[in-house]
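Trainee: The sequence and its predicted three-dimensional model are supplied below.
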Amino acid sequence: MHAATGRLTILNRTATAIGVVAIAGALTLAIFFAGIPVFGPVNDVCGLLVAALSGVLVALTVMQQLVPRLAGLVGLTGSVIGVLGSVLVLVHLTGWFFAGLVSTVGLALIGVWLVVFSRRASGPPRWLVLGQVTGWLMTVGLVALPGVFLGLDDDRTAPAWIWVAYVSWIGTAAGYPAWALWLGRLRSTAGVAVALKGEG
């Protein structure tokens, strides 16, 4: 009982951290576009932290057998790619556009994990629906994958279809932090958040 409570507490705190940092990232991005460029790197750091913390959350769900290992591997891969995208722009290895595409692909893979987790977890119905809708929105970011392979790094000449990928940020910037903060508030280990619907 105590062990289960401890595991849920770690999930709670990790999820809460994701929600707080994701909201901070959205706010700093808005401030950056409002004309205060110093917040650009702050936003990039927030993106790095969200990806890294998401990897921790994914790992926790795998260790507790809350998702299949394949879904966990997809989510962890997304975490690594998301971190890489932030690093690319922070150290000026690429422009912001290419780095954004990389991060978008990484978050899309985290979205795949989120869909699987939300389908297998039990908990408040609206929280589960939010997780699935958010996850599916995030997976739209996979549209950016060809752009990564093409090395697109200029928003002025990028093909129109690549912008479809940024629909995924509705899930990343709004749905994901809301879902994560909600998970951070779930306290019961009996049928809430960390219990599976079934072992299949």
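Mentor: Cool, got the structure.

Trainee: Could you list the low-pLDDT ranges of this protein?
Mentor: 1-8, 187-200 (pLDDT under 70).

Trainee: report the longest helix in it, please.
Mentor: Determined from DSSP state H, the single longest helix within the chain is helix 2-33.

Trainee: In that one, which residues are buried?
Mentor: 7-8, 11-12, 14-26, 28-29, 31-32 (16 or more other CB atoms under 10 Å). (Each C-beta comes from the backbone N, C-alpha and C, glycine too.)

Trainee: One more: stretch 178-186?
Mentor: Applying 16+ other CB under 10 Å to stretch 178-186 flags 178-184, 186 as buried.

Trainee: Dump the residues you listed to CSV, plus distance to residue 113 and secondary structure.
Mentor: Formatted as CSV, the buried residues of stretch 178-186 follow (distance: CB to CB, whole Å; DSSP: H, G, I helix; E, B strand; the rest coil):
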residue, distance to residue 113, secondary structure
178, 17, helix
179, 12, helix
180, 13, helix
181, 18, helix
182, 17, helix
183, 13, helix
184, 18, helix
186, 18, coil
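
Trainee: can you tell me which of the residues you listed lies nearest to residue 49?
Mentor: Proximity of the buried residues of stretch 178-186 to residue 49 (CB to CB) peaks at residue 180, which lies at 12.4 Å.

Trainee: dump the residue contacts of the closest one.
Mentor: By CB atoms under 8 Å, 6 or more residues apart in numbering, the contact list for residue 180 reads 15-16, 18-19, 22, 57.

Trainee: same deal with residue 95?
Mentor: 89, 153-154.

Trainee: how close does it sit to residue 152?
Mentor: Counting by CB to CB, to the nearest Å, the gap from residue 95 to residue 152 is 10 Å.

Trainee: for residue 21, same thing?
Mentor: Relative to residue 152, residue 21 is positioned 27 Å away (CB to CB).

Trainee: can you check residue 20 too?
Mentor: 32 Å.

Trainee: again, but for residue 70
Mentor: For residue 70 relative to residue 152 (CB to CB), the value is 29 Å.

Trainee: swap in residue 181?
Mentor: 33 Å.

Trainee: Give the buried residues for the helix or strand encompassing residue 104.
Mentor: Residue 104 belongs to helix 96-120 when assigned by DSSP states H and E. By neighbour count with 16+ other CB under 10 Å, helix 96-120 contains the buried residues 96-118, 120.

Trainee: what do you get for stretch 152-160?
Mentor: Buried residues in stretch 152-160, counting neighbours by 16+ other CB under 10 Å, are found at 152-153, 158.
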